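Chemist: Sequence unavailable; structure follows:
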């Protein structure tokens, strides 16, 4: 009797090619792993981004949706700050850092204005811009208040009541007024409180020697911009450059020109053209 | 990179030690060398990716054979291949006068008998182990083995005449 077996299966041999394929499975899988890792990381970052944007939008909705209109307190007369709107005006004055505000109160000045703008949203989510323009003159400290507007949804309105008088005077500043001695010696206001005075001029002063103080009736001043441009014309001895010498004062002051922001180099010189003083002034 | 271990064996050791068993079971189930090769790779790919923990090497071997049989079932179902006996018949081992290779006869049986007989006679598993691998009741395995032997005898006897 013959013995049976299953040698086809029992003595099966695995080819080298097949064995190598099986042995290289870990290497193949590990090569593909970074791709799936990148994909998973990208997916997580995308999901995190969506969550972040959603949370931010919720926060903004509740923050701006519930914020009420903020009332604007009228500025006080003692407030000695110039608003941004005022300082950005080309004819608007700026303070000279070397002089205190108290000295400037004695100078002739334009009626100072103060502009404050505040933006907020009301309970319905409308944007409200409140502009307050305050004109303060010595002895009259009641501010003229602008109007706040509450437009419809999505609208933005600004309503400012700029005094006509003030605007006219600002235009006049482009033409330098003739300074008089009275203007220099104008007494302080009668008000008990020192009035708020916007710095209109930038007095440029120079010390003068006794020889000039007693010997000269007028000296002159010329101002150069940073780019070398001469302010006020090329006739260096016309009235624009002329400065009256006070024999009782050991300094002269030139205040004909309103300076905007920048750096300026100025010279004082006598009638014979001799420079006796020069300096820089920086308007911020 | 930390090397994975399967019952104390590295992946390469597992492949080298059980490649023949896995390929044999795949060939038994598919009856085709190319199909068996594909299933063979899938088995070890699953081993590496799933990486289950094994109690011992016997557990590992049983897992490999069970996965191999299931892989072949899925493979044949997905590819809708018909069984062919060419792979077995084209490479019969030379028989001596005292021995006869009846692997070809085994491949004539229905898969359920073939699997039971294969695991019993070739992989040398006991009835309880075959029941565990195939997911059958042990009595069912006994029935499959009994009927499979009769069918095998009939096929072998008929062909050998």
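Modeler: Structure's in. What do you need? Predicted model only: the values in this text are computed from it and were never measured. Residues are numbered from 1 along each chain as shown, chains lettered A, B, ... in the order given.
Chemist: low pLDDT regions in the chain?
Modeler: All of this is about chain A. Across chain A, residues meeting the criterion (pLDDT under 70) sit at A:1-2, A:33-40, A:66-202.
Chemist: oops, I was thinking of chain B
Modeler: B:1-2, B:80-99, B:158-161.
Chemist: burial measure for whichever residue of it sits closest to chain A, as a count.
Modeler: As assessed by CB to the nearest CB, chain A sits closest to residue B:103 within chain B, at 3.4 Å. For glycine as for every other residue, the C-beta is placed from the backbone atoms N, C-alpha and C. Residues near residue B:103, counting by other CB atoms under 10 Å in any protein chain shown, number 27.
Chemist: same question, the one 5 residues further on
Modeler: A count of nearby residues for residue B:108, using other CB under 10 Å, gives 20.
Chemist: ditto for residue B:66
Modeler: Residue B:66 is flanked by 17 other residues according to other CB under 10 Å.
Chemist: before we move on, which element is the closest residue to chain B within the stretch 51-200 of chain A in?
Modeler: Relative to chain B, the nearest point of the stretch 51-200 of chain A is residue A:51 (31.0 Å; CB to the nearest CB). Using DSSP states H and E, residue A:51 falls within helix A:25-65.
Chemist: cool, residue B:36 as well?
Modeler: Here residue B:36, judged by DSSP H and E, is contained in helix B:33-50.
Chemist: Next, the angle helix A:25-65 makes with that helix.
Modeler: With axes from the mean of the first three to the mean of the last three CA atoms, to 10 degrees defining the directions, helix B:33-50 sits at 50 degrees from helix A:25-65.
Chemist: need the next SSE after helix B:33-50, C-terminal direction.
Modeler: Going down the chain from helix B:33-50, the next helix or strand is helix B:57-79, by DSSP H and E.
Chemist: anything in that following helix sitting right up against chain A?
Modeler: No - Helix B:57-79 lies out of reach of chain A by CB under 8 Å from any CB of the partner chain, never closer than 11.5 Å.
Chemist: Helix B:33-50 and that helix, what's the angle between them?
Modeler: Using the same axes, to 10 degrees, helix B:57-79 lies at 120 degrees relative to helix B:33-50.
Chemist: how about helix B:57-79: buried residues?
Modeler: For helix B:57-79, a neighbour-count test (16 or more other CB atoms under 10 Å in any protein chain shown) marks B:60-72, B:75-76 as buried.
Chemist: do the same with stretch B:117-124
Modeler: Per 16+ other CB under 10 Å, stretch B:117-124 contains these buried residues: B:117-123.
Chemist: element containing the nearest residue to the residue of chain B closest to chain A once chain neighbours are set aside, please.
Modeler: Distance criterion CB to CB, 6 or more residues apart in numbering or on different chains; nearest residue to residue B:103, sequence neighbours excluded, is residue A:8 at 3.4 Å. Using DSSP H and E, residue A:8 sits within helix A:7-10.
Chemist: what helices or strands is that helix leaning on?
Modeler: On a contact count with 3 or more CB pairs under 8 Å, 6 or more residues apart in numbering or on different chains; DSSP states H and E, helix A:7-10 meets helix B:11-30, strand B:99-101, helix B:103-106.
Chemist: need the next SSE after it, C-terminal direction.
Modeler: Helices and strands here follow DSSP H and E; after helix A:7-10, the next one along the chain is helix A:16-23.
Chemist: Determine if any part of that next one is in contact with chain B.
Modeler: Yes - Helix A:16-23 reaches chain B (CB under 8 Å from any CB) through A:18-19, A:21-23.
Chemist: which of the residues you listed are buried?
Modeler: Looks like the residues of helix A:16-23 next to chain B have A:18-19, A:21-22 buried, using 16+ other CB under 10 Å.
Chemist: Out of those residues, which is nearest to residue A:281?
Modeler: Taking CB to CB as the measure, residue A:281 sits nearest to residue A:21 out of those, at 87.0 Å.
Chemist: quick one, what contacts the residue lying closest to that closest one once chain neighbours are set aside?
Modeler: Spatial nearest neighbour of residue A:21, chain neighbours left out: residue B:41 (5.7 Å); criterion: CB to CB, 6+ apart. Residues in contact with residue B:41 (CB atoms under 8 Å, 6 or more residues apart in numbering or on different chains) are A:18, A:21-22, A:25.
Chemist: Distance to residue A:57 added to the residues you listed, as a markdown table?
Modeler: Below are these laid out as a markdown table (distance: CB to CB, whole Å):
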| residue | distance to residue A:57 |
| --- | --- |
| A:18 | 58 |
| A:21 | 53 |
| A:22 | 53 |
| A:25 | 48 |
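Chemist: Quick check, central residue of chain B?
Modeler: residue B:25 (2.1 Å; CA atoms, centre = their mean).
Chemist: Please parse chain A into its domains.
Modeler: Domain assignment for chain A by automatic domain parsing gives A:19-65, A:84-172, A:202-283.
Chemist: Tell me how chain B divides into domains.
Modeler: Using automatic domain parsing, chain B is parsed into the domains B:1-91, B:97-161.
Chemist: ok so, going back, so which of the buried residues of stretch B:117-124 belong to helices?
Modeler: Per DSSP state H, helices hold the following members of the buried residues of stretch B:117-124: residue B:117.
Chemist: show me which of the buried residues of stretch B:117-124 neighbour chain A.
Modeler: With CB under 8 Å from any CB as the criterion, the buried residues of stretch B:117-124 include B:118, B:121-122 near chain A.
Chemist: one step back: out of the helices and strands packed on helix A:7-10, nearest to residue B:54?
Modeler: Closest of these to residue B:54 is helix B:11-30, at 9.6 Å (criterion: CB to CB).
Chemist: That closest one: which residues count as buried?
Modeler: Residues B:11, B:14-15, B:18-30 are the ones in helix B:11-30 that count as buried (16+ other CB under 10 Å).
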